[in-house]
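**Student:** Build me a structure from this.
(one chain, ligands or ions: 1)
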Amino acid sequence: MLRGCVSLARGLRPGLRAAPHGAWPGPRLAAAPQPFWGHTAGFSQLGRPKDFALPNPSWSQDMMSLYNKFAEMAKDGTWKRIPSYDRSVDHLPERVRQAFKEVRQDTRFFLRNTDAEGIGFEYVMFLNPTEKRIVCLFQPGPYLEGVSGFAHGGSIAAIIDSTVGGCAIFAAGKVMTANLSINYRNPIPLGSVVLVDSKVDRIEGRKVFLSCEVRNVDGQTLHAEATALFIQLDTKTSQQQEACSP
Ligand SMILES: CCCCCCCCCCCCCC(=O)SCCNC(=O)CCNC(=O)[C@H](O)C(C)(C)COP(=O)(O)OP(=O)(O)OC[C@H]1O[C@@H](n2cnc3c(N)ncnc32)[C@H](O)[C@@H]1OP(=O)(O)O
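**Tutor:** Okay, the predicted model is just below:
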């Protein structure tokens, strides 16, 4: 089944476009990139933590090429780059973060748990709000090894969970993963770049159903496909539940 990541990859090549997962808008020239979820007004602009979803020297040519394409498309707001921090709490709007003043300081967002660039999860997510879709550009580093030379299935699950999770948060606010089902189709070589293309399929009450495909840069290789169920949490939240709020 062809999906958006195929078209994303193919969209890099001039003249090619196809988008069964959602229209591939193609590069556009316009205004500056928009902030994450529109919540940026709630963030302090001073003393912001480091945003890791920006290019660094470990990013390969493929990663940079894809990043530049999405950054271009973000200029008119069709796509939005999602900032990424090394603590979960820093993803929250300021009003919500206030509730976390007393949280322990030694936690790290799982995907940002290595300090050196390029050895772990190198990724950046772009949100298409209209399509309730997130495409994550993912470059797995050498510390994510499973079978020799290839990314560990757990690391692939983690990046899928986080990408579909971002979609679910966008669509439904406070959510948690209830089910994640992955079919691994082809191994992902360490250091390669893949597109994790996820979207909300439907929402039924508190249930958010999502699907995802992971493909290589030219879209020809399907590495994994997944479905996920996220459950919207009650508004009478615990701190854990608050942590899932965008
Ligand atoms: C932090 C922000 C960072 C942002 C960074 C960028 C994005 C990063 C994103 C990172 C993302 C990382 C994300 C993470 O890592 S989340 C961490 C991994 N997930 C968990 O630990 C969740 C553990 N489970 C629970 O807490 C509860 O079970 C939940 C909250 C899920 C539901 O318990 P709750 O008491 O609330 O609901 P309910 O039991 O009344 O069920 C409600 C309905 O749902 C149906 N149902 C329930 N479970 C299943 C199931 N497994 N399959 C099929 N259906 C299921 C159920 O039948 C019922 O249906 P119905 O009878 O009404 O028809």
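**Student:** does any bit of stretch 48-60 sit next to the ligand?
**Tutor:** No. Taking CB under 6 Å from any ligand atom as the criterion, stretch 48-60 and the ligand are apart, separated by no less than 9.8 Å. In short, each C-beta sits where N, CA and C put it, glycine included.
**Student:** And the residue of the protein that's closest to the ligand?
**Tutor:** Closest residue of the chain to the ligand, CB to the nearest ligand atom: Gly165 (2.7 Å).
**Student:** For the longest helix seen in the chain, what is the distance to the chain centroid?
**Tutor:** Criterion DSSP state H: the longest helix present in the chain is helix 153-172. Centre-to-centre, helix 153-172 and its host chain are 7 Å apart (CA atoms, centre = their mean, to the nearest Å).
**Student:** by contact count, what packs against it?
**Tutor:** If contacts are counted by 3 or more CB pairs under 8 Å, 6 or more residues apart in numbering; DSSP states H and E, helix 153-172 sits against strand 121-128, strand 133-140, strand 175-184, strand 194-204, strand 207-216, strand 222-232.
**Student:** for these, which one sits closest to Asp62?
**Tutor:** In terms of CB to CB, the element of the helices and strands packed on helix 153-172 nearest to Asp62 is strand 133-140, at 8.0 Å.
**Student:** ok so, going back, to what extent is the residue of the chain closest to the ligand buried, counted in neighbours?
**Tutor:** Number of residues near Gly165 (other CB atoms under 10 Å) recorded here: 21.
**Student:** That one is in contact with Leu229, isn't it?
**Tutor:** No. Using CB atoms under 8 Å, Gly165 is not in contact with Leu229; the gap is 11.4 Å.
**Student:** Next one: Glu204 from Val135, what distance?
**Tutor:** Going from Glu204 to Val135 by CB to CB, to the nearest Å gives 24 Å.
**Student:** the more surrounded of these two?
**Tutor:** Val135 (25 against 8).
**Student:** what's stretch 106-118 in contact with?
**Tutor:** 52, 56-59, 84-89, 91, 120-121, 123, 139, 141, 143, 158-159, 162 (CB atoms under 8 Å, 6 or more residues apart in numbering).
**Student:** So which bits of it are buried?
**Tutor:** Neighbour-count burial for stretch 106-118, counted by 16 or more other CB atoms under 10 Å, picks out Phe109, Leu111, Arg112, Thr114, Gly118.
**Student:** And it, end to end?
**Tutor:** In stretch 106-118, first residue to last residue: 22 Å (CA to CA, to the nearest Å).
**Student:** For that stretch, the averaged confidence score.
**Tutor:** Averaging pLDDT along stretch 106-118 yields 94.
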